[in-house]
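Student: What shape does this take:
(one chain, ligands or ions: 1)
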Amino acid sequence: MPTKLGYNFSNSWFDENLGVWDQLIPSINPTRILEVGSFEGNSTCYLIDKLASEKEIEIHCVDTWEGGIEHKEGGFAHANMNETEKLFKQNTQISIANAKNKVNLAIHKGLSSIELSRLIAAGKSEYFDFRAPRKKEISTPPSINKKTPYGAKG
Ligand SMILES: C[S@@+](CC[C@H](N)C(=O)[O-])C[C@H]1O[C@@H](n2cnc3c(N)ncnc32)[C@H](O)[C@@H]1O
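Tutor: Predicted coordinates:
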């Protein structure tokens, strides 16, 4: 399914995320991005197109390029993962070539459990721009402080 920028994606699953991503990505406005599960690069190219039009970015993509159970023979989204990996490289090259600013793309081919451990070992545990809040950063709801069960009166 070639698109107007010359990308080649075999499906349009990512389009379902556009509504949420169009709101979320500008509000987070990340510069250092960690993506787990890149497939043909649809979400990667989205991030490059949106963010590298404004600034230099660094994006790390983790994928086995072996697919999940759904991509295996007989799965609902059967894919030739060698072809998928080639498409990821072609699509991201197009995106990087069209970007106004520099894009530092790092590809980590392997299982997320292993590749994320490697990133932590390389000192990148606090490196990326979006993370879940730490426990101490979450304020405790008053109803819990007062030991009053939710919905209970008094
Ligand atoms: C649904 S696709 C990702 C879609 C992609 N973000 C897009 O926008 O088109 C899921 C991808 O995650 C990869 N994957 C699944 N489990 C993984 C794991 N444990 N470690 C690394 N990659 C994994 C698969 O190889 C596949 O390419």
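
Student: okay, CA-based contacts and neighbour counts for the rest of this
Tutor: Will do.

Student: How about the residues of the chain by the ligand?
Tutor: With the criterion set to Cα under 6 Å from any ligand atom, the chain comes near the ligand through 14, 37-43, 62-68, 110-112.

Student: Identify those among these that sit within helices.
Tutor: N42, S43, S112 (DSSP state H).

Student: Please tell me how far the first one sits from I96.
Tutor: Noted for N42: a distance of 13 Å to I96, by Cα to Cα, to the nearest Å.

Student: More neighbours: which of these two?
Tutor: N42 (22 against 19; other Cα atoms under 10 Å).

Student: what sits against that one?
Tutor: With contacts defined as Cα atoms under 8 Å, 6 or more residues apart in numbering, the neighbours of N42 are F9, F14, F88, N91.

Student: Quick check: the first one touching E40?
Tutor: So the one you mean is F9. Yes: contact criterion Cα atoms under 8 Å: F9 and E40 qualify, at 6.5 Å.

Student: what residue lies at the spatial centre of this structure?
Tutor: E35 (3.3 Å; Cα atoms, centre = their mean).

Student: Now do the strands in the protein.
Tutor: Taking DSSP state E as the criterion, the chain carries its strands at 32-36, 57-63, 103-109.

Student: Mean pLDDT for those - can I get that in CSV?
Tutor: Listed next are these as CSV, based on pLDDT from 0 to 100:
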stretch, mean pLDDT
strand 32-36, 97
strand 57-63, 98
strand 103-109, 98
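
Student: Out of the ones you listed, which one sits most buried?
Tutor: Most buried of those, by mean neighbour count (mean count of other Cα atoms under 10 Å): strand 57-63, with a mean of 19.

Student: Parallel or antiparallel, list what pairs with that one.
Tutor: Using DSSP bridges, strand 57-63 pairs in its sheet with strand 32-36 (parallel), strand 103-109 (parallel).

Student: Any idea how far the last one is from the middle of the chain?
Tutor: Read it as strand 103-109. Its chain's C-alpha centre lies 12 Å from the corresponding centre of strand 103-109 when counted by Cα atoms, centre = their mean, to the nearest Å.

Student: CA atoms only for it - export them in CSV, please.
Tutor: Provided in CSV are the C-alpha atoms of strand 103-109 (Å, rounded to 0.1, in the frame of the first residue of the first chain):
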residue,chain,number,x,y,z
VAL,A,103,17.3,11.9,13.0
ASN,A,104,19.5,9.5,15.0
LEU,A,105,17.9,6.1,14.5
ALA,A,106,19.2,3.2,16.5
ILE,A,107,18.0,-0.3,15.6
HIS,A,108,18.1,-2.9,18.4
LYS,A,109,17.2,-6.2,16.8
